[in-house]
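Chemist: Kindly return the folded structure for what I paste below:
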Amino acid sequence: MIQLKTTISEESFNQKRAHQYKLSILAGVDSFLYVVNDHNQQLLLLKEYVFDAKQQATKLLAERIHQVFEQDKLLRLPYASVKASLLGVKHTFIPNRLYNPDRKAAYLEHVIELKATDGIYADDVTALRAQNVYTADRATVNFIGQMYPVVRFSHISSTLFLGFREQARAEKTDIFLSIRDNFAYLYCFQNRELVFSNAFPFFSPKDLAYYVLLVYEQFDCSPTSQPLFVAGNFQEGSEHHRLLYRYIKFIQPVRMPNYYTSGEKTSREGQHHSFFDLMCVNL
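Modeler: Prediction:
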């Protein structure tokens, strides 16, 4: 069963103007999210779907996403532009000077297990002077590409880098954490330069706390003074929050990307840090 978990819709959203709107998609293992904004970058519509355990066990990822498209006619409107970001932890940043586009598989095959269903792709991350080489479910990429022939794909780690870098502070060390579908994405910036990134699945709050505190230790940051900026499925009062708060004194939600402006409903209901990863897709 597909569950529509979140819907935020502004009154100004008009299906007949879809050809003037921009669509951003975040396709995950357990979830599918999308947001629509107009040419003034105002948020008009946000939806979050989640897949139940039975569906995850019996249907391939592309089949689940296909069902979302069958259920939601708004996804089939003729949008002016479409961007899609793909969740996953199989990726690595390669400096441009070392990158060979004809050998993308070589950057991954010795550090992760490549499946027959995996396609290998790369994002040109200009601000990092690097390529982000990653795997994604090939059938999912093909299906979304068929639905939107002009879609631009990216990996979530690329889009989060851009979003977090926007909020990193000069002459400071900043640590960011985003959670989605039991995947965690950790970044550390010093003077707005990326010095650390890691992406990993986790299965308990203890796992998450262990990896986060390792970053604090590696960069000699004090948990009593160095804040942790959080995004995604990280709610105040959750098990993750309670355990990390035992060690880290300041846990703060990130701001909405400067790219967007909020309407009345998205300002009131948005919990912008909860959908920060989705909002970064358009960066």
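Chemist: which residues does the closest residue to Ser81 other than its chain neighbours bridge with?
Modeler: The shortest distance from Ser81 to any non-neighbouring residue, by CB to CB, 6 or more residues apart in numbering, is to Lys22 (4.9 Å). For glycine as for every other residue, the C-beta is placed from the backbone atoms N, C-alpha and C. Residues in a beta bridge with Lys22, per DSSP bridges, are Asn37, Ser81.
Chemist: Tell me the spacing between Lys22 and Asp102.
Modeler: Taking CB to CB, to the nearest Å as the measure, Lys22 falls 33 Å from Asp102.
Chemist: Which one's more surrounded, the two?
Modeler: Ranked by neighbour count (other CB atoms under 10 Å), Lys22 and Asp102 place Lys22 first, with 19 against 6.
Chemist: ok, now which ones touch the more buried one?
Modeler: 36-39, 79-83, 282 (CB atoms under 8 Å, 6 or more residues apart in numbering).
Chemist: on that earlier part again, please tell me how far the residue nearest to Ser81 sits from Val254.
Modeler: 21 Å.
Chemist: repeat for His19
Modeler: Per CB to CB, His19 is found 32 Å from Val254.
Chemist: Give me the more crowded residue out of the two.
Modeler: Shown here are His19 and Val254; by other CB under 10 Å, Val254 has more neighbours (23 against 9).
Chemist: Verify the stated contact: the more buried one with Val230.
Modeler: Yes: in this structure, Val254 is within contact of Val230 by CB atoms under 8 Å, at 6.9 Å.
Chemist: hey, what's in contact with both of the two?
Modeler: Listed as contacting both Val254 and Val230 by CB under 8 Å, 6+ apart are 176, 273.
Chemist: need the next SSE after the worst-scoring helix or strand of the chain on mean pLDDT, C-terminal direction.
Modeler: Every helix and strand of the chain was ranked by mean pLDDT, DSSP states H and E. The lowest is helix 53-58, at a mean of 59. Going down the chain from helix 53-58, the next helix or strand is helix 61-71, by DSSP states H and E.
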